[in-house]
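Undergrad: My questions concern the predicted model and sequence given below.
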Amino acid sequence: MPKATWNGAVLAESDRCEVVEGNQYFPPDALARQYFRESATHTICPWKGTASYFDVVVDGTTNADAAWYYPEPKEAARQITGYVAFWRGVRVEG
């Protein structure tokens with residue numbers, strides 16, 4: 001089962017992930033919400049739409065913009081609405 005970890009904490013774990021462009025997107029209910037803080041960062045993907053970001057905070061250490069999601073993706077990516085993916089040193093296994 002896919003699991004995302006960083007700084008010794010399990011950020012997300014689920015057997016209902018969606019894989020898009022090689023990234024595991026975790027369903028919203030799989031997140032350990034205490035580690036996530038909304039970020040002001042947004043980026044645009046031509047086919048998925050506008051991404052929003054979370055900072056990941058574990059034991060007082062912040063990994064800025066380490067998680068992203070599409071709150072209102074374009075039709076081609078609707079299966080990942082609200083699902084969260086990771087980068088910037090977050091380890092995703094499984």
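TA: Sure, I can see it.
Undergrad: confidence score at the residue lying closest to residue 94 once chain neighbours are set aside?
TA: Using C-beta to C-beta, 6 or more residues apart in numbering and skipping residues adjacent in sequence, the residue nearest residue 94 is residue 2, 4.0 Å away. Backbone N, C-alpha and C define where each C-beta goes, glycine included. On pLDDT, residue 2 comes in at 97.
Undergrad: ok, now residue 94?
TA: Residue 94 is assigned a predicted lDDT (pLDDT) of 89.
Undergrad: wait, what's in contact with the residue nearest to residue 94?
TA: The contact partners of residue 2, by C-beta atoms under 8 Å, 6 or more residues apart in numbering, come to 13-15, 17, 24, 26, 92-94.
Undergrad: which of these lies closest to residue 42?
TA: residue 26 (19.6 Å; C-beta to C-beta).
Undergrad: Next, count neighbours for that closest one.
TA: When neighbours are counted by other C-beta atoms under 10 Å, residue 26 registers 27.
Undergrad: With residue 6 instead?
TA: Neighbour tally, residue 6, other C-beta under 10 Å: 21.
Undergrad: Next, it: phi, psi?
TA: phi -160, psi 140 (degrees, to the nearest 10).
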